[in-house]
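Novice: Quick check, what structure comes out for this input:
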Amino acid sequence: MDKGLNGWLNGFIGVLIFSGSLPATRVAVMDFDPTFLTSARAAIAGLLGIAMLVLFREKRPERGDLVSLMIVALGVVVGFPLLTALALKHVAAAHSIVFVGLLPLATAIFGVLRGGDRPRPAFWLFSCLGSALVAGFALLQGVTVSPVGDALMLAAIIACGLGYAEGAALSRKLGGWQVICWALALSLPVMLALAFATRPLSFTGVGSDAWIGLAYVSLFSMLIGFVFWYRGLAQGGIAAVGQLQLLQPFFGLALAATLLHEQVSPLMVVVTLGVVACVFGAKKFAKPSPSPRAAEQ
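Specialist: Below is the predicted model of the structure:
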């Protein structure tokens, strides 16, 4: 299979997995403290990540890779999970769609700054248009305004975009699943201590939905999703494959319609088609134009 196409396939699977992250977090924070949820999910995934590294006898990263791994850990292991968990104490999960629509753009920007991507100008047009469609659709649904929640979500998007781009660039050297596993291992001592310090006095009042939410964000959002996502970004390009995140909110709405029998409006179908068009447009113009000399050869 073509490497670029394989990257888009892996990225698509990653986005499908991540689409359940915010709803699962929303359910989990109903019974768990946001700080405990963040540290517990990282600790569980970290233990599994270390087991994978030992099982496959992976070599330790070089000293020069530690700074990048720390950026990944701060961005996607600590920053995004904690900030979104705190934000979802103030805003509904649907409100976060406004900010999720900005994540592909943030990833693309950091892909240029940290990953060396150089997409063509038309790419930015499709990226901004897709982000505007998602954000506009969310605003039309009617969302509650919370300055604190909005500020936390904006900070979460910045942290996540940086973590995605940094991890994808490092994946070209270490491998996709190895990057997230090493980042989790690096943060494990702190996350374990924090989880113990912030644990509930009693777990008797924690409902089954909260436990399911914790299990999902620990196994899928924190580990399995990144195996596919970082591999996809490394293979297909950070800026290009990152645009698949524009579809994430609509996957969540589609799941709600299928599993919860919620109504899907004609507007959602129209906007989804528009977003898909923007994703394909961004894919077409993601790679820089060949130089005149290269074109002659």
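
Novice: Let me know the secondary structure of Phe251.
Specialist: helix (DSSP: H, G, I helix; E, B strand; the rest coil).

Novice: now the stretch 101-250 of the chain, which segments are flagged as low pLDDT?
Specialist: Along the stretch 101-250 of the chain, the parts satisfying pLDDT under 70 run over 138, 141-145.

Novice: Does Ile17 lie in a helix or a strand, and which?
Specialist: Per DSSP states H and E, Ile17 falls inside helix 3-18.

Novice: which helices and strands sit right next to that helix?
Specialist: helix 225-236, helix 238-242, helix 248-259 (3 or more CB pairs under 8 Å, 6 or more residues apart in numbering; DSSP states H and E). From N, CA and C alone the C-beta is placed, and that goes for glycine too.

Novice: most tightly surrounded among the ones you listed?
Specialist: Using mean count of other CB atoms under 10 Å, the stretch among these with the largest mean neighbour count is helix 238-242, at a mean of 31.

Novice: that older thread, and the helix holding Ile17, which residues are buried?
Specialist: Residues of helix 3-18 classed as buried by neighbour count (16 or more other CB atoms under 10 Å): 4, 7-18.

Novice: Likewise for stretch 166-185?
Specialist: Within stretch 166-185, the residues that qualify as buried are 166-171, 174-185, counting by 16+ other CB under 10 Å.

Novice: contacts for that stretch?
Specialist: By CB atoms under 8 Å, 6 or more residues apart in numbering, the surrounding residues in contact with stretch 166-185 are 10, 42, 45-46, 49-50, 52-53, 58, 61, 65, 68-73, 75-77, 110-111, 114-116, 222-223, 226-234, 238.

Novice: For PyMOL, write the select line for the buried members of the residues you listed.
Specialist: Selecting in PyMOL just the buried members of the contacts of stretch 166-185, where the criterion is 16+ other CB under 10 Å, is done with this command:
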select buried, resi 10+42+45+46+49+52+53+61+65+68+69+71+72+73+75+76+77+110+111+114+115+222+223+226+227+228+229+230+231+232+233+234+238
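
Novice: Now do the contacts for Ala239.
Specialist: With contact taken as CB under 8 Å, 6+ apart, Ala239 is in contact with Thr107, Ala108, Gly111, Val112, Gly115, Asp117, Pro119, Phe123, Ser127, Ala282, Ala286.

Novice: Now do the contacts for the fifth one.
Specialist: So that's Gly115. Ala165, Glu166, Ala168, Ala169, Ile238, Ala239.

Novice: one step back: dump the helices and strands packed on helix 3-18 to JSON lines, plus distance to Asp150.
Specialist: Putting the helices and strands packed on helix 3-18 into JSON lines (distance: least, CB to CB, whole Å) gives the following:
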{"stretch": "helix 225-236", "distance to Asp150": "25"}
{"stretch": "helix 238-242", "distance to Asp150": "22"}
{"stretch": "helix 248-259", "distance to Asp150": "16"}
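
Novice: Of those helices, give the one that comes closest to Gly149.
Specialist: Smallest distance to Gly149 across those (CB to CB): 16.7 Å, for helix 248-259.

Novice: And the next helix or strand past the closest one?
Specialist: If you walk from helix 248-259 toward the C-terminus, the next helix or strand you reach (DSSP H and E) is helix 266-284.

Novice: Now, the contacts of Ala239 that are in helices?
Specialist: By the criterion of DSSP state H, membership of those in helices covers Thr107, Ala108, Gly111, Val112, Gly115, Phe123, Ser127, Ala282.

Novice: With adjacent residues omitted, what lies nearest to Phe137?
Specialist: Distance criterion CB to CB, 6 or more residues apart in numbering; nearest residue to Phe137, sequence neighbours excluded, is Val271 at 4.6 Å.

Novice: what's the distance between that neighbour and Ala106?
Specialist: Taken as CB to CB, to the nearest Å, the spacing of Val271 relative to Ala106 amounts to 20 Å.

Novice: do the same with Ile50
Specialist: From Ile50 over to Ala106 the distance is 29 Å, taken as CB to CB.

Novice: so Gly163 is in which element?
Specialist: Under DSSP H and E, the secondary-structure element containing Gly163 is helix 147-174.

Novice: by how many degrees do that helix and helix 225-236 diverge?
Specialist: Computed with axes from the mean of the first three to the mean of the last three CA atoms, to 10 degrees, the direction of helix 147-174 lies at 60 degrees from that of helix 225-236.

Novice: tell me the angle of helix 147-174 relative to helix 3-18?
Specialist: Our comparison of helix 147-174 with helix 3-18, counting by the same axes, to 10 degrees, yields an angle of 140 degrees.

Novice: Check the offset of the following helix or strand past helix 147-174 from the chain's centre.
Specialist: Next along the chain after helix 147-174, taking DSSP H and E as the criterion, comes helix 176-197. A distance of 17 Å separates the C-alpha centroid of helix 176-197 from that of its chain, computed with CA atoms, centre = their mean, to the nearest Å.
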